[in-house]
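1. got a structure for you, letters missing:
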Ligand SMILES: [Zn+2]
């Protein structure tokens, strides 16, 4: 059975992206060594070939793009990026979802991941009393709606006007349109700021974290998710690991580098761990990328791909039992 991938819009030739050299590590200033070169955007067809470097300082290990798209031109890497738009469900995407649901739910139960999955979906805030919450880069607002249903007083921020309109209309949730640094600091600051898969997209992660810090009350919490550069999937797939996503992922972190960045941004204490609970999607994406021939993410998803995603989930979960740093994502919880 062939099914079209959810991000199934075929891409067209993209504009050239202007770049700037980034010879030294953003965090520690050390030189980096080439980890991969000749990378292309197999997901959304942005133009160019890309090189990732890894910091040679063993206490750091940050990974970054060198050269990196300029801040002016980075928008060109998002021309076909559909995660914020609400693409219409075709019968094929519905079928893909049903197939995933049919296999995925029982396997979650089988792998005893239900409890962690629930915590993951609420950004590990289960034990935190509900208060004022801001989501940076809220996309379609699904997570905000979930947090609202759990009793949080929620607000979003997003740079995509289509997404902001959708969040307001679909969920009746207020969202600030524009960069986070331009968002006015409210009289009553936030108890919690959450951010899922945002920090790897920005040129200045410490500035982003500092802005989050400013918007938080004293003792407020920041919780963020980002791909883990030290993951089982990265070790297995190498240059085609879904978490790399050149040229949109500008920096790739581990718990060590996330803690360093949040310390530099003024957070007083931090706790970071990794999770394999959502390995399915990363595994399926990596397998598609390693087998994609047209570098435009237009390949069909088959029942075999779904099963491969599930077998990756199982393997990642087993690897995680042996090495707690090998989860596909890092979770950082930092206190102001
Ligand atoms: Zn470094």
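-> Received, thanks. Keep in mind the model is a prediction, meaning the values are calculated, not measured.
2. what kind of secondary structure is the residue lying closest to residue 15 once chain neighbours are set aside in?
-> Leaving aside its sequence neighbours, residue 15 sits nearest to residue 76 (CB to CB, 6 or more residues apart in numbering; 4.8 Å). For every residue, glycine as well, the C-beta is placed using N, CA and C. Three-state assignment for residue 76 (DSSP: H, G, I helix; E, B strand; the rest coil): helix.
3. can you pull the residues of the stretch 101-250 of the chain lying near the ion?
-> Within the stretch 101-250 of the chain, no position is adjacent to the ion by CB under 5 Å from the ion.
4. what about the helices in the stretch 101-250 of the chain?
-> For the stretch 101-250 of the chain, the helices defined by DSSP state H, counting those that start in this stretch occupy 114-121, 142-149, 161-171, 205-215, 232-237.
5. want to try TSV for those helices, with mean pLDDT and mean neighbour count as columns?
-> Output for these, formatted as TSV (pLDDT from 0 to 100; neighbours: other CB atoms under 10 Å):
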stretch	mean pLDDT	mean neighbour count
helix 114-121	89	14
helix 142-149	97	17
helix 161-171	95	17
helix 205-215	97	21
helix 232-237	96	21
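6. nearest to residue 334, of the ones you listed?
-> helix 205-215 (7.9 Å; CB to CB).
7. which elements pack onto that closest one?
-> Here helix 205-215 touches strand 132-136, strand 190-196, strand 216-227, helix 255-264, going by 3 or more CB pairs under 8 Å, 6 or more residues apart in numbering; DSSP states H and E.
8. now with 7 Å, please.
-> strand 190-196, helix 255-264 (3 or more CB pairs under 7 Å, 6 or more residues apart in numbering; DSSP states H and E).
9. by how many degrees do that helix and strand 190-196 diverge?
-> Compare the direction of helix 205-215 with that of strand 190-196 by axes from the mean of the first three to the mean of the last three CA atoms, to 10 degrees and you get 150 degrees.
10. neighbours around residue 76, how many?
-> The burial count assigned to residue 76 is 18, neighbours taken as other CB atoms under 10 Å.
11. residues touching it, list them.
-> Residue 76 makes contact with 14, 15, 17, 46, according to CB atoms under 7 Å, 6 or more residues apart in numbering.
12. if we can go back for a sec, pick the most deeply packed of the helices and strands packed on helix 205-215.
-> Across the helices and strands packed on helix 205-215, averaging neighbours per residue (mean count of other CB atoms under 10 Å) puts strand 190-196 on top, at a mean of 23.
13. given it, what are its sheet partners and their directions?
-> Using DSSP bridges, the strands paired with strand 190-196 are strand 132-136 (parallel), strand 216-227 (parallel).
14. top of the contacts of residue 76 by number of neighbours, please.
-> residue 46 (26 neighbours).
15. can you tell me the closest non-neighbouring residue to the residue in the stretch 151-300 of the chain positioned nearest to the ion?
-> Nearest residue of the stretch 151-300 of the chain to the ion: residue 257, at 7.4 Å (CB to the ion). The spatial neighbour of residue 257 that comes closest, neighbours along the chain excluded (CB to CB, 6+ apart), is residue 62 at 4.8 Å.
16. any idea of the pLDDT on the one you found?
-> Per-residue pLDDT puts residue 62 at 98.
17. just confirm it contacts residue 256, I think it does.
-> No - using CB atoms under 7 Å, residue 62 makes no contact with residue 256, being 9.0 Å away.
18. in the stretch 1-150 of the chain, which ranges drop under the pLDDT threshold?
-> 1-13, 81-112 (pLDDT under 70).
19. try 90 this time
-> Within the stretch 1-150 of the chain, the ranges that satisfy pLDDT under 90 run 1-15, 42-45, 78-117.
20. hey, where'd the strands end up in it?
-> According to DSSP state E, counting those that start in this stretch, the stretch 1-150 of the chain carries its strands in the segments 2-4, 19-20, 32-39, 50-55, 63-65, 68-69, 132-136.
21. can I get those strands in JSON lines with mean neighbour count and distance to residue 177?
-> Formatted as JSON lines, those follow (neighbours: other CB atoms under 10 Å; distance: least, CB to CB, whole Å):
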{"stretch": "strand 2-4", "mean neighbour count": "18", "distance to residue 177": "31"}
{"stretch": "strand 19-20", "mean neighbour count": "15", "distance to residue 177": "27"}
{"stretch": "strand 32-39", "mean neighbour count": "14", "distance to residue 177": "32"}
{"stretch": "strand 50-55", "mean neighbour count": "21", "distance to residue 177": "30"}
{"stretch": "strand 63-65", "mean neighbour count": "23", "distance to residue 177": "27"}
{"stretch": "strand 68-69", "mean neighbour count": "22", "distance to residue 177": "23"}
{"stretch": "strand 132-136", "mean neighbour count": "25", "distance to residue 177": "13"}
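22. thank you kindly, that will do.
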